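*Asks:* Sequence and predicted structure, then a few things I'm wondering about:
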Amino acid sequence: MSIPNLNTDLCGIKMSNPTILPSGFLGTSKSLLKRVAANGVGAATIKSVSFEAREGHKNPTVIPFEAGLLNAVGYSNPGAEETAREFANLKDVSIPVIASIIGTEPDDFVRVVDKLSQTEFSAIELPLSCPHTPGFGLLAGQGTPESTGQIVSAVRKASELPIFVKLSPNIPEIGNLAKAAENAGADAITAVNTLGPGMLINIEARKPILSFKVGGVSGQALRPVATRCVYDIYESVKIPIIGTGGVSTGRHAIEMIMAGATAVGVGTGIYERGIDIFRKICREMETWMSENNYNSVHEMIGIAHE
Amino acid sequence: MSIPNLNTDLCGIKMSNPTILPSGFLGTSKSLLKRVAANGVGAATIKSVSFEAREGHKNPTVIPFEAGLLNAVGYSNPGAEETAREFANLKDVSIPVIASIIGTEPDDFVRVVDKLSQTEFSAIELPLSCPHTPGFGLLAGQGTPESTGQIVSAVRKASELPIFVKLSPNIPEIGNLAKAAENAGADAITAVNTLGPGMLINIEARKPILSFKVGGVSGQALRPVATRCVYDIYESVKIPIIGTGGVSTGRHAIEMIMAGATAVGVGTGIYERGIDIFRKICREMETWMSENNYNSVHEMIGIAHE
Amino acid sequence: MNEISPLDQPVMMKIDKIVDESDGTKSFMFKHKLDYNPGQFIMVWLPGIDEKPFAVSYLGDDFFGITVLERGKYTKLLHKMGPGDQLGIRGPFGHGFSFPDNITDGKGSVCVIGGGCGMASVTVLIERLQNNNLTVLMGAATSTSLFFKNRYKDITLFTDDGSEGIKGYPTDILEDLHNKHRYDIMYTCGPEVMMSKVYEFCKKHDIQFEASLERYMKCGIGICGQCVCDGQMVCKDGPVFDLQALSNMNDFGKHSLLKSGKRVSLKEYADWKSC
Amino acid sequence: MNEISPLDQPVMMKIDKIVDESDGTKSFMFKHKLDYNPGQFIMVWLPGIDEKPFAVSYLGDDFFGITVLERGKYTKLLHKMGPGDQLGIRGPFGHGFSFPDNITDGKGSVCVIGGGCGMASVTVLIERLQNNNLTVLMGAATSTSLFFKNRYKDITLFTDDGSEGIKGYPTDILEDLHNKHRYDIMYTCGPEVMMSKVYEFCKKHDIQFEASLERYMKCGIGICGQCVCDGQMVCKDGPVFDLQALSNMNDFGKHSLLKSGKRVSLKEYADWKSC
Ligand SMILES: Cc1cc2nc3c(=O)[nH]c(=O)nc-3n(C[C@H](O)[C@H](O)[C@H](O)COP(=O)(O)OP(=O)(O)OC[C@H]3O[C@@H](n4cnc5c(N)ncnc54)[C@H](O)[C@@H]3O)c2cc1C
Ligand SMILES: Cc1cc2nc3c(=O)[nH]c(=O)nc-3n(C[C@H](O)[C@H](O)[C@H](O)COP(=O)(O)OP(=O)(O)OC[C@H]3O[C@@H](n4cnc5c(N)ncnc54)[C@H](O)[C@@H]3O)c2cc1C
Ligand SMILES: Cc1cc2nc3c(=O)[nH]c(=O)nc-3n(C[C@H](O)[C@H](O)[C@H](O)COP(=O)(O)O)c2cc1C
Ligand SMILES: Cc1cc2nc3c(=O)[nH]c(=O)nc-3n(C[C@H](O)[C@H](O)[C@H](O)COP(=O)(O)O)c2cc1C
Ligand code: FES
Ligand code: FES
């Protein structure tokens, strides 16, 4: 039996497999992008960047719990200029790299896009969905169809790159929101950002553990909700979907793809299975696909809807 | 050191400890209520009852996943009249029993309340928050402040029993909703119902596993979100809170209480630790409390806010 | 993170072979290892249709099978499946038959009574009991609904209409058999009226007794309360209960819950179509 | 469901005892067992304030301790804590020092060099090396900042200002010592300029070398990328790296990331207040 083909085309971006490093995981430096590339990832997203540098919340910012991670990093990043410097000459990194861009007003996004104009990013991701950073995402009302439309339109004018809009799993009518993004010119939907927020309390300290008290839930806890979001969005839009949330095995990745995803984000899985999780997932996908007579990822996209 | 006192007073209902069996778990017959009572639960809620009998969704209706359960039972119940018969002479059951009542219109709730008027239920719970049953809860728009207010007001007029309003963890501004329930006359808030909905797909069958395709998430996956909901509601209302979602140890129960809960629902934990989980949780609470110098549950309520 | 045991969720398995056992009864064989104790059950999922509990009626090191009587919509569709088709299996669940020391030793005297398709629930049990002094009785409505009749050399058959074997019920001759074999234990699965009679007999003669109950099931894991029989969850505490447990169960032989949760007589339960 | 290992989340531990080690340096002792390899670190949480990484500097069967130099806001608050107060501990994390066979055997010749509060990261290591031919060097700015000087009988002290021990840096006399002891391996923790010098020395003389790096950390579990040093996560791949690994790390001795993720010179990093 021939080895199945994991090649993935996402909005014209060629990937050797459908796994993507989501924003906020290891995407702080070019050296780490090379490291994940060497571990078999198909494409990688950098840590979200705002125009000005941000320190983010105080520690603890990331805490494991029984079913995943709770985090409130608070969008720490060195700002657009420093990011443009760190990620210059992206050709050195053998995989496509996606810039994740944040702002509080549509204009902020455009200013960051402008600063990054000389770089070689393959796409722009707009996370309009962080549940735990004041001034951004859900806490700034960016998760409405109107606001999403405005921000996407503004960035659409400023850049020719494919635009991915990253949505929150907290939004009940996620299909409508995806539709608004598509109508405003988005090229793909990343589904989803972290869930909640949630809280963990240390009962001896009598205090929430995260310094910001609440944080977004990722990992296994998020997986069924993320899969359902992908399934719903697939029925609402024509643009491709990057299914993200709790994927840590080849089976999970195929589940996302059958729900409608073209590519699959793998973040918290790194904590569970190590940085070589990308290679492991690809091997597991290949084995399953050849046992079950699939030749390509493409054949599996959305087939749970049939 | 003296044994700490777990006695709990919930809206005047006397419980020997703060654990409650939430609706949908084992609450189908009086015989099972006796069984959970014998296993140390403080109070128990019956399976939600509508005016007419309902068969619910087809199987599979409940499926475990890595971080809890996914369910779409679809409110199967034998209807109000049959329920009144099954739960007659509740004095036989040694613990307070809560009736969970559902309907699509405010009037439906009242009709069920009337049918149950001759029973000895200690309180009425209104789950306005099911994420997976057409015509009920979130799928019927009952999760808005207006709709919640209307239903609670209608039931308030029809019954003198304490009214508990059960909320969804999916609602971003859960504090506002709790406030609307309080203003309309609710005596307590049950936080929370299941999350999502979520979906699990069997990749060999290429189909969602639940026959209703999507279902609510309970258990560990829900716990940090449920704790945060309790924390938020505690800052919005004065009425007591029943913290429900992923509690399976004494530590978890104390975490809920420190977040603001007066009593603690334990459902999915039964699957994880067996039907004697109520007794186990109480023992664990007692041990921890005496090691940490707490004499009563009351002293711990909401202290994570200090 | 916790690995979910693969059989907590349905695992799709190819039907390897189908055996016609009798009029309306087929066995479906799977080339899969299953860690199963006699009396337990598995949930069988027909994707997009429904999921129902079944006993395992064939068990080897690397295969197992179930035996299904066509009754309603679900079993009709199941009977339409062919070799190579896949079914979703989760389990096994519940608490199976137990073995007193003298049975484990092979020194005991045992009677196994199967009624109708309840026979499917006791076959793996019968195979475990081969070293004991064993009597196997099987009853069915008529000759064409008997099955497994050639599977065991010493099996006594009964039909209601006398079309094959002894006319009447297996319970008719318990007195004689017991006088001869002095049973240590009786195991049974079948219609609850039949099982009630065996229960009464064992109680009277102080014989150990275990019966496998059937109730409509939803979760299969002891949390929803659908399968309740007097405070016991048949899916988790059972489906096998002993004499002591059954003596506290007023609903045994009398009531069962419909899918809505309505408690009805076993007669009404049997007339109801669940799918 | 998976049980979370208790130390994945902070566990509150009572401070049992506090020891003044030198001007501005205190040790905090806990009566708790800790499963720790020399070179690993723990995260120490001051609820409501911040959480930072520390090496374990005392380790027994049922106790451990950390040694903390007061530098900024966080360590100032830590120094205000008294016995009976609680700190949240999670870990240990990361990858500690490794031991070549001749060191495990006790036949090897070893040099351990601690600089400033980096000395706290090598004490448990030193205790493990007692059977080897061992040289311990410690450097500090001035006499009052030296600590642990009475903890080991054979320790050679250095101060920048010559107020105690030898004036100068521990790295000044490596040539002489190596000629005498023919070291198999050198272990070090301290300012990165110092560690760089030891690294160059070992490279030149073909001596095995391991150094413990310090970077600002957030997650501590290898996912956020905050502690990156040339493609390595100091929290997970390190904090201890060997000569081979360090030779691929251009940022070693040169750059570190501020909390914002900005990559700056080690000088700028040292001047920055993180809390
Ligand atoms: C623990 C356990 C083990 C089981 N093992 C087996 C097994 O090994 N083989 C097997 O065939 N079935 C077994 N069953 C029953 C099985 O799960 C289904 O309930 C049965 O096959 C009904 O099929 P259906 O959905 O097609 O019929 P339904 O639509 O539910 O019923 C159609 C008609 O069938 C008749 N009917 C339904 N159930 C029964 C019954 N229990 N007895 C008599 N008549 C009935 C009624 O007349 C009814 O109107 C078991 C059940 C349990 C709880
Ligand atoms: C793996 C690891 C192990 C560590 N082990 C220990 C330990 O055992 N004992 C210990 O005291 N610390 C240790 N640290 C450092 C510790 O985590 C804190 O970074 C340090 O205590 C800073 O304290 P602060 O927050 O109060 O100061 P900050 O507010 O961060 O800094 C205040 C000032 O202190 C000075 N300063 C900060 N960091 C350093 C530095 N690394 N070297 C020199 N000057 C500095 C600077 O002048 C700065 O302006 C370790 C760090 C790591 C990564
Ligand atoms: C520590 C951490 C930091 C994150 N930071 C970002 C971020 O900066 N921007 C963003 O869009 N998403 C961020 N996320 C969300 C992830 O990109 C991803 O959507 C989420 O974790 C779900 O995927 P997973 O379950 O595979 O981790 C972060 C998540 C974690 C756990
Ligand atoms: C199988 C199942 C059935 C449920 N049925 C109901 C119900 O009928 N009414 C209701 O209000 N909540 C129902 N719930 C929600 C629970 O009462 C509870 O709010 C939720 O499971 C979270 O608690 P847990 O994590 O302790 O299970 C059900 C949950 C499950 C898993
Ligand atoms: S089927 Fe749910 S408890 Fe038995
Ligand atoms: S501190 Fe997060 S990767 Fe090291």
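*Replies:* Cool, got the structure. Ligands and ions are numbered 1, 2, ... in the order given.
*Asks:* neighbours around residue 13, how many?
*Replies:* Answering for chain A, as no chain was given. 21 (other Cβ atoms under 10 Å in any protein chain shown). From N, CA and C alone the C-beta is placed, and that goes for glycine too.
*Asks:* oops, I was thinking of chain C
*Replies:* 19.
*Asks:* Any chance of the backbone angles for it?
*Replies:* Main-chain dihedrals, C:Met13, degrees, to the nearest 10: phi -130, psi 140.
*Asks:* beta partners for it?
*Replies:* Judged by DSSP bridges, the bridge partners of C:Met13 are C:Leu87.
*Asks:* My understanding was that it contacts C:Leu34; is that so?
*Replies:* No. With contacts counted by Cβ atoms under 8 Å, C:Met13 stays clear of C:Leu34, the gap being 9.5 Å.
*Asks:* confidence score at C:Phe1?
*Replies:* No Phe there; residue C:1 is Met. We have a pLDDT of 35 for C:Met1.
*Asks:* Longest helix in chain C, by number of residues?
*Replies:* helix C:192-205 (DSSP state H).
*Asks:* gap between A:Pro145 and C:Ser196?
*Replies:* Using Cβ to Cβ, to the nearest Å, we find A:Pro145 at a distance of 63 Å from C:Ser196.
*Asks:* How about C:His255?
*Replies:* 12 Å.
*Asks:* neighbouring strands for the helix or strand just after the longest helix of chain C, and are they parallel or not?
*Replies:* Following helix C:192-205 in sequence order, the next helix or strand is strand C:208-212 (DSSP states H and E). Applying DSSP bridges to the sheet, strand C:208-212 is found paired with strand C:185-189 (parallel), strand C:240-242 (antiparallel).
*Asks:* mean confidence for the following helix or strand past strand C:208-212?
*Replies:* Counting by DSSP H and E, the next helix or strand C-terminal to strand C:208-212 is strand C:228-229. For strand C:228-229, the mean per-residue pLDDT is 94.
*Asks:* what about strand C:228-229, near ligand 1?
*Replies:* No. Contact between strand C:228-229 and ligand 1 is absent, the nearest approach being 10.9 Å (criterion: Cβ under 6 Å from any ligand atom).
*Asks:* What are the contacting residues of that strand?
*Replies:* Applying Cβ atoms under 8 Å, 6 or more residues apart in numbering or on different chains, the contact partners of strand C:228-229 are B:26, B:28-29, B:31-32, C:213, C:215, C:234, C:238, C:249, C:251-252, C:255-257.
*Asks:* Can you flag which of these belong to strands?
*Replies:* The strands, defined by DSSP state E, take in C:His255, C:Ser256, C:Leu257 from the contacts of strand C:228-229.
*Asks:* How about A:Phe164: which residues does it bridge to?
*Replies:* Applying DSSP bridges, one finds that A:Phe164 bridges with A:Glu125, A:Ala188.
*Asks:* err, C:Ile166, not the other one
*Replies:* Beta-bridge partners of C:Ile166, as defined by DSSP bridges: C:Phe158.
*Asks:* just checking, it touches C:Ile173?
*Replies:* Yes. C:Ile166 is within contact range of C:Ile173, at 7.4 Å (criterion: Cβ under 8 Å).
*Asks:* Could you count how many residues lie near the residue nearest to C:Gly65 when sequence neighbours are not counted?
*Replies:* In this structure, C:Gly65 finds its nearest non-sequential neighbour in C:Tyr58, 3.4 Å apart by Cβ to Cβ, 6 or more residues apart in numbering or on different chains. Counted with other Cβ under 10 Å, residues neighbouring C:Tyr58 total 20.
*Asks:* contacting residues for C:Tyr58?
*Replies:* C:Ser27, C:Met29, C:Phe64, C:Gly65, C:Ile66, C:Thr67, C:Thr123, C:Val124.
*Asks:* For it, give me phi and psi.
*Replies:* According to degrees, to the nearest 10, C:Tyr58 has phi -130, psi 140.
*Asks:* do you know how far it is from ligand 1?
*Replies:* 11 Å (Cβ to the nearest ligand atom, to the nearest Å).
*Asks:* Would you map the strands across the stretch 101-250 of chain A?
*Replies:* Remark: strands assigned in the stretch 101-250 of chain A by DSSP state E, counting those that start in this stretch are A:123-127, A:163-167, A:188-191, A:195-199, A:201-202, A:207-208, A:214-218, A:241-244.
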